[in-house]
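A.B. asks: Structure for this input, please:
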Amino acid sequence: MATVASVPSTSSGSPLRRRRPARTLRHAGILAGRAILKIRRDPQQLIDVTLSPIIFVTMFVLLFGGAISGGATDGGDRRDYLLFVLPGIMAQAIVLASMGTGINLATDITRGIFDRFRSLPIARSSPLTGLILGDVVRQLVALAVVILYGVLLGFRFRTGVLAVLAGCGLIMLFSFALGWIWAYLGLLVRSPQGVQGTVFLVAFPLTFASNIFVPAGTLPGWLQGWVAVNPVSQLADTARGLMVGGPVAGALWPTLAWIAGIVLVFGPLAVLRYRRST
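C.D. replies: You can find the predicted model right below:
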């Protein structure tokens with residue numbers, strides 16, 4: 001007669017729920033590889049993160065740059081405006097690219113894949129962390145497209161290599177934090193179409209009601225208050241300082257505080273929602 005081996009359990013009686021951090025990270029890395037493999041098998045997922053940055057740079061530099069720069073920068077030179085706006089568009093591209101995390105999560109839930117993940121002896125946070133880390137590939141593509149297209153238009157970094165890399169790293173770290181917001185919304189709304197509409201309602205005020213395209217001083221007084229506390233504005237100012245020169249510390253610490261706060265709030269919320277809904 002065949003016997004069924006018992007499943008090892010922790011002292012709390014829950015099978016393999018308590019995981020060491022190293023093992024949890026390993027599981028997240030394996031599931032991140034799954035997300036990357038999906039991109040390799042379906043490269044069309046990169047179309048939006050490739051074309052959107054090009055469209056935004058073309059619109060705000062080549063089409064509107066001359067008119068905007070007249071009031072946004074001294075001298076009204078389009079190349080000066082390119083130096084001002086491109087680091088901000090890098091931040092915007094990452095915000096828009098990271099929205100795919102919530103949409104992909106909702107799609108996987110509707111297909112029942114996360115039911116399978118729940119039956120596996122892995123940490124509860126691993127599927128969510130793996131999905132967010134896997135989507136970093138899409139966000140890196142968006143960031144690279146903005147930089148390459150900006151260089152073709154005449155953008156040049158005016159700081160050192162380490163400062164530029166620090167700026168890119170900070171932008172990617174911010175996208176990782178945002179991924180937890182989109183993951184929570186993906187678990188909350190569940191329908192891919194509903195998630196897409198919801199994340200756009202959140203992402204557009206963050207990106208367009210910011211200092212990405214014009215300095216905050218040119219905006220109405222009531223709007224300047226929001227721009228001053230907008231995390232995307234803080235990120236854009238930090239990226240400008242690290243990539244083209246200027247003050248950094250005043251915007252860097254608020255940006256790091258926003259990143260830590262978003263992860264500490266929405267990370268547990270997303271994991272708790274995942275436990276209850278899958």
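A.B. asks: Below-threshold pLDDT in the chain: ranges please.
C.D. replies: Within the chain, the ranges that satisfy pLDDT under 70 run 1-19, 65-76, 278.
A.B. asks: Centre-most residue in it?
C.D. replies: Central residue check for the chain by CA atoms, centre = their mean: the C-alpha nearest the mean position is that of residue 175, 2.3 Å away.
A.B. asks: helices or strands next to the helix or strand that one falls within in the packing?
C.D. replies: Using DSSP states H and E, residue 175 sits within helix 161-189. In terms of contacts (3 or more CB pairs under 8 Å, 6 or more residues apart in numbering; DSSP states H and E), helix 161-189 is packed against helix 78-98, helix 100-110, helix 126-134, helix 136-153, helix 192-208, helix 231-244, helix 249-277. Quick note: C-beta positions are derived from backbone N, CA and C, even for glycine.
A.B. asks: Mind putting those helices into TSV with distance to residue 20 and mean neighbour count?
C.D. replies: Listed next are those as TSV, based on distance: least, CB to CB, whole Å; neighbours: other CB atoms under 10 Å:
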stretch	distance to residue 20	mean neighbour count
helix 78-98	28	25
helix 100-110	25	23
helix 126-134	12	24
helix 136-153	23	19
helix 192-208	33	16
helix 231-244	32	25
helix 249-277	17	16
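A.B. asks: for those helices, which one sits closest to residue 166?
C.D. replies: Residue 166 lies closest to helix 231-244 among those, at 5.5 Å (CB to CB).
A.B. asks: Would you list the phi and psi of residue 122?
C.D. replies: Dihedral angles of residue 122 (phi, psi; degrees, to the nearest 10) stand at phi -130, psi 160.
A.B. asks: whoops, residue 214 was the one
C.D. replies: Main-chain dihedrals, residue 214, degrees, to the nearest 10: phi -140, psi 150.
A.B. asks: Just send the helices and strands packed on helix 161-189 back as JSON lines, with distance to residue 56 too.
C.D. replies: Formatted as JSON lines, the helices and strands packed on helix 161-189 follow (distance: least, CB to CB, whole Å):
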{"stretch": "helix 78-98", "distance to residue 56": "6"}
{"stretch": "helix 100-110", "distance to residue 56": "17"}
{"stretch": "helix 126-134", "distance to residue 56": "23"}
{"stretch": "helix 136-153", "distance to residue 56": "8"}
{"stretch": "helix 192-208", "distance to residue 56": "9"}
{"stretch": "helix 231-244", "distance to residue 56": "13"}
{"stretch": "helix 249-277", "distance to residue 56": "21"}
